[in-house]
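# Provide a 3D model corresponding to the input given below.
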Amino acid sequence: MDRLFLDANVLFSAAYNPTSPLIRLWEVSEVVLISSAYAVQEARQNLAFHRPNRLGELEHLVKKLYLVDASPNTTVVAGVVGLPEKDLPILPAAIEAKATHLLTVDKKHFGFLYGETVGGVLITTPGDYLRGRSGQT
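Residues are numbered from 1 along each chain as shown. Predicted coordinates:
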């Protein structure tokens with residue numbers, strides 16, 4: 001069973017657009033959806049600024065997540081250069097949650113890690129993950 005850690009931008013995008021294809025993540029069978037309190041708070045802040053009327057949808061989606069509330073040790077990713085400070089807690093939280101995948105649409109900051117496995121977590125986009133699942137037999 002896949003354990004999918006959702007970055008803040010995935011949460012934000014799914015809540016922002018009522019017809020977002022990212023909603024499919026909540027419909028996939030045999031997966032555990034995970035995020036962190038840190039990622040949820042970032043999504044909440046961004047949504048409050050851009051589309052406050054969609055905050056209720058975010059809360060609805062968050063209720064279906066397994067949230068990790070740990071303060072992850074960012075030294076786990078000290079060897080991964082190029083991540084800005086605000087993104088440093090995301091990968092360690094995914095590793096500590098024993099996620100199989102970190103799903104992010106943040107190509108600017110995580111794009112260089114797409115397709116890489118760090119600490120047992122494959123970093124990819126939600127679209128690539130969903131396409132891979134639809135290709136399974």
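
# ok, which stretches of the chain are strands?
2-6, 31-36, 66-68, 101-103, 117-118, 121-124 (DSSP state E).

# Deepest in the core, which of the ones you listed is it.
strand 101-103 (a mean of 26; mean count of other CB atoms under 10 Å). Yep, even glycine has a C-beta here, placed from its N, CA and C like the rest.

# in its sheet, what does that strand sit against?
strand 2-6 (parallel), strand 121-124 (parallel) (DSSP bridges).

# Adding mean pLDDT and distance to D87, write these out as JSON lines.
Shown next, in JSON lines, are these (pLDDT from 0 to 100; distance: least, CB to CB, whole Å):
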{"stretch": "strand 2-6", "mean pLDDT": "98", "distance to D87": "13"}
{"stretch": "strand 121-124", "mean pLDDT": "95", "distance to D87": "11"}
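
# Let me have those strands in JSON lines, adding distance to F12 as columns.
Output for the strands paired with strand 101-103, formatted as JSON lines (distance: least, CB to CB, whole Å):
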{"stretch": "strand 2-6", "distance to F12": "10"}
{"stretch": "strand 121-124", "distance to F12": "18"}
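
# Please consider this matter closed, and thank you.
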